[in-house]
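**Student:** Sequence first, predicted coordinates after that:
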Amino acid sequence: DVDTWAELMARTLSSGGTTRGDIVHNAYGYGLFTGGLGAHYGAEKIGAAVIPMSGGNTKRQILIMRDFGSTVLCSTPSYALNMAEVMAEEGINPADLKLKCGLFGAEPWSEGMRREIERKFGIDALDIYGLSEVIGPGVASECLEMKQGLHVFEDHFIPEIIDPETGKALPYGELGELVFTTITKEAFPVIRYRTRDISRLIPEPCSCGRTHIRMERISGRTDDMLIIRGVNVFPSQIETVLIAVEGVEPHYQLIVTREDQLDVLEVQV
């Protein structure tokens, strides 16, 4: 399974133009999060150099990118924007870096956010998709050529779109809940696993030449889970904290807004 994961992440990185001559700056979290190790394995599979930075310590991240000549950035999109803000504060010109592409995932992000990242870094920004229950990152990836839908690696995963209310399979092009069946996984195979993510499947050929079907960028969820700056948050978790606070009623409202393309969660009690 780890070898398969490395192969899939190598495909993902290759979709962004990564070759054995590149230096991959990996700012996804290591430890128990699947993102960091997956990107690391994929870069090694290609033969690229990989800098295992993990998250945090943003000023050092920028220093390393500049000194080591990083060419590919892997991180959450919100953290990329955070790095861009710190670069501006430090007076660092993006042209001083050698970055050419960024592979961003682990949270939903908009086309507007893509344009802002590309403008601030002067790079191509690609959306990647995965989930720990299926394999981690490496389930689907955009390509440099179109940036319109993520290629699902169908030789390892069977994608479906269903009506979240009835469970009925929907035809190509219709919006619904994304479902996956794993074909090659041995340790934790899943059959028709409901992701709760809302998308649609795009069967039309892609100009890049890849024949795998594409899935549309995730537009929402069918449950009440929120993804705030790459962290999964359920309202029930917040309720548990509030109940433990003396003098506070267990009635609350969650308000999610965006400031400079970053999620802000306000809890009113």
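**Tutor:** Nice, I can see it. As the structure is a prediction and not an experimental result, all values here were calculated from the model.

**Student:** secondary structure class for N82?
**Tutor:** At N82, secondary structure determined by DSSP: H, G, I helix; E, B strand; the rest coil is helix.

**Student:** ok now do it, which residues does it touch?
**Tutor:** 58, 262 (CB atoms under 8 Å, 6 or more residues apart in numbering). For the C-beta atoms, the positions are set from N, CA and C on the backbone; glycine is no exception.

**Student:** Tell me how many other residues surround the residue nearest to A95 when sequence neighbours are not counted.
**Tutor:** Closest residue in space to A95, ignoring its immediate chain neighbours: G122 at 6.7 Å, by CB to CB, 6 or more residues apart in numbering. G122: 13 surrounding residues under other CB atoms under 10 Å.

**Student:** Which other helices and strands does the helix or strand harbouring R114 contact?
**Tutor:** Here R114, judged by DSSP states H and E, is contained in helix 111-121. The contact analysis (3 or more CB pairs under 8 Å, 6 or more residues apart in numbering; DSSP states H and E) places helix 111-121 against helix 77-89, strand 101-104, strand 124-131.

**Student:** Next, the buried residues of it.
**Tutor:** 113-114, 116-117, 120-121 (16 or more other CB atoms under 10 Å).

**Student:** mind putting those in TSV, pLDDT and distance to P164 included?
**Tutor:** Below are those laid out as TSV (pLDDT from 0 to 100; distance: CB to CB, whole Å):
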residue	pLDDT	distance to P164
M113	86	26
R114	92	27
E116	90	31
I117	94	31
K120	94	36
F121	96	36
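
**Student:** between these, which is closest to G17?
**Tutor:** F121 (14.8 Å; CB to CB).

**Student:** hang on, the closest one packs against A84?
**Tutor:** Yes. With contact defined as CB atoms under 8 Å, F121 counts as touching A84 (6.3 Å).

**Student:** Between these two, which contacts overlap?
**Tutor:** Contacts common to F121 and A84, judged by CB under 8 Å, 6+ apart, are P94.

**Student:** can you list contacts of the helix holding R114?
**Tutor:** By CB under 8 Å, 6+ apart, helix 111-121 touches 73, 77, 80-81, 84, 87-88, 94, 97, 99, 102, 104, 123-125, 127, 147, 217, 261.

**Student:** So among those residues, which ones count as buried?
**Tutor:** 73, 77, 80-81, 84, 87, 97, 99, 102, 104, 123-125, 127, 147, 217, 261.
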